[in-house]
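Peer 1: Below are the sequence and a predicted model; questions follow.
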Amino acid sequence: MSIKNIRLEVMQFLEKNVDSFVEQYLIPVEKIWQPSDFLPNSEGENFFEEVKELREIAKELPYDFWVTLVGDTITEEALPTYESWLMDVEGVNQVEDGGNGWSKWIRQWTGEENRHGDLLNKYLYLSGRVNMREIEMTTQHLINDGFDIGTGSDPYKNFVYTSFQELATYVSHNRVSQIAKKFGDNKLSKMCKMIAGDEMRHHHAYSEFVTRIFQVDPSEMMLAFQYMMKQKIVMPAHFLRESGQKISTAFEQFSDSAQRIGVYTANDYVEIMQKLMNKWEIDKISNLTDEAEKARDYLMKLPARMAKISERIVIPQESHIFKWVEPARL
């Protein structure tokens, strides 16, 4: 049987448990928080006073913070790219009989993720601290440009990617929450903390999918994990650009801002890699082929190697000035 057919068989085997995955890792629409729970009530008599208070508190937040928050928001708002990509993964079928279990999972995961961009976008708009039109153009460019995360339509590689990326977004939103609280913006802090909580739940789901695959197809799962770690995980917004600029030209400056204020760093990347290795207990997996054994050996040595490289990274001290956030506004 070909590798592709084995993957399809494993996806069909896991699909039998999709309903339990939805029940365990996702929250029903009527019970989960919605963006309006954390924003000024536009129907209330105190709406303008609440907006004024939000804007006053927002004045205390520093430049790199705004750049990072805008970049995080744009990343969340490019959700159509991520949904369409996952719908194309082998074993996912959104057409026949109304879609299979995996397409149900992706749609419901997307529904939860969609609230994140909604909430952050509305906050940015009300804050008065950013150029919304520039942000909107960058978001449209990012969706137009798509992304290439190096997984192809391979479910094993895609689940490694989502396991890693959901944990990375948890780290980022959680750190933004901590910084907002430090500067006295408790409401923004709560928003980002709630988003981070969603990301952690989603991380647990995708990493559980990988755990289950390791149990039935350990060698191929190990090779897929090694492949993704060797080529490195690219961020969903790696094609980020400002208006009038070429594809991917803004990502490095956005990443520098996030590193400067400690929201997401090279060290975090290494720690997430190590956490995934620990979670999947790759040192204990047996019945591997010779090739998969070599892949495991490579993986076991990788965090230490990456940590040494991360120590040598030098982040520019000066902030790049983005069209999204004009210093005169701050």
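Peer 2: Done, it's in. Numbering: from 1, shown residues only.

Peer 1: low pLDDT regions in the stretch 51-200 of the chain?
Peer 2: For the stretch 51-200 of the chain, no stretch has pLDDT under 70.

Peer 1: Ile27 and Ala205, how far apart?
Peer 2: Distance, Ile27 to Ala205, using CB to CB, to the nearest Å: 12 Å. In this view, the C-beta of every residue, glycine as well, is placed from N, C-alpha and C.

Peer 1: Arg260: neighbouring residues, count only.
Peer 2: 20 (other CB atoms under 10 Å).

Peer 1: that older thread, more crowded one of Ile27 and Ala205?
Peer 2: Taking other CB under 10 Å, Ile27 and Ala205 do not tie; Ala205 has more neighbours (20 against 14).

Peer 1: now the more buried one, nearest residue through space, not along the chain?
Peer 2: Nearest non-adjacent residue to Ala205, counting by CB to CB, 6 or more residues apart in numbering: Tyr25, 3.8 Å away.

Peer 1: next one: Arg115
Peer 2: In space, and not counting its chain neighbours, Arg115 is closest to Pro35: 5.7 Å by CB to CB, 6+ apart.

Peer 1: circling back to that earlier point, tell me who's in contact with the residue nearest to Ala205.
Peer 2: For Tyr25, the contact set (CB atoms under 8 Å, 6 or more residues apart in numbering) comprises 201-202, 204-205, 208.

Peer 1: three-state assignment of Ile321?
Peer 2: coil (DSSP: H, G, I helix; E, B strand; the rest coil).

Peer 1: Which pLDDT value does the model give it?
Peer 2: Note for Ile321: predicted pLDDT of 95.

Peer 1: That one against Ala250, yeah?
Peer 2: No - Ile321 is not in contact with Ala250 according to CB atoms under 8 Å; the separation is 11.5 Å.

Peer 1: Those two - which one has more neighbours?
Peer 2: Neighbour count, other CB under 10 Å: between Ile321 and Ala250, Ala250 has more, with 26 against 12.

Peer 1: Now do the strands in this protein.
Peer 2: When secondary structure is read from DSSP state E, the chain shows no strands.

Peer 1: re the thing from before, quick one: which of the contacts of Tyr25 has the most company?
Peer 2: Highest neighbour count within the contacts of Tyr25: His202, with 22 neighbours (other CB under 10 Å).

Peer 1: For that residue, which residues are in contact?
Peer 2: 25, 109, 112-113, 162, 166.

Peer 1: For Asn114, see how far away it is.
Peer 2: In terms of CB to CB, His202 sits 13 Å off from Asn114.

Peer 1: do Thr73 as well
Peer 2: Distance of Thr73 to Asn114, given as CB to CB: 13 Å.

Peer 1: could you measure Tyr206 against Tyr161, distance?
Peer 2: Counting by CB to CB, the gap from Tyr206 to Tyr161 is 9 Å.

Peer 1: ugh, wrong one, Ser2
Peer 2: If you go by CB to CB, the gap between Ser2 and Tyr161 works out to 22 Å.

Peer 1: Who has more neighbours out of these two?
Peer 2: Tyr161 (22 against 7).

Peer 1: Assess the claim that Leu190 and Phe38 are in contact.
Peer 2: Just so we're on the same page, residue 190 is Lys rather than Leu. Yes - with contact defined as CB under 8 Å, Lys190 reaches Phe38; the gap is 6.2 Å.

Peer 1: Gln226: neighbour count?
Peer 2: Residues near Gln226, counting by other CB under 10 Å, number 21.

Peer 1: For the residue nearest to it when sequence neighbours are not counted, give me the pLDDT.
Peer 2: Spatial nearest neighbour of Gln226, excluding adjacent residues (CB to CB, 6+ apart): Ala295 at 3.7 Å. Listed pLDDT for Ala295 reads 98.

Peer 1: what about Ala295, distance to Gly111?
Peer 2: Distance from Ala295 to Gly111, counting by CB to CB: 36 Å.

Peer 1: more crowded one of the two?
Peer 2: Each of Ala295 and Gly111 has its neighbours counted (other CB under 10 Å); Ala295 has more, 23 against 14.

Peer 1: List the residues that contact the more buried one.
Peer 2: Ala295 touches 222-223, 225-226, counting by CB under 8 Å, 6+ apart.

Peer 1: closest to Ala237 among the contacts of Tyr25?
Peer 2: Using CB to CB, the shortest approach to Ala237 within those belongs to His202, at 17.3 Å.

Peer 1: how close does that closest one get to Glu15?
Peer 2: Look at His202 and Glu15: by CB to CB, they are 18 Å apart.

Peer 1: What of Met228?
Peer 2: In terms of CB to CB, Met228 sits 22 Å off from Glu15.

Peer 1: more neighbours, the two?
Peer 2: Neighbour count, other CB under 10 Å: between Met228 and Glu15, Met228 has more, with 24 against 19.

Peer 1: what residues does stretch 167-182 touch?
Peer 2: So stretch 167-182 is in contact with 61, 65, 68-69, 72, 75, 186, 188-193, 195-196, 199-200, 203, 207, 233, 235, 258, 261-264, 268-269, 272, 275-276, going by CB under 8 Å, 6+ apart.
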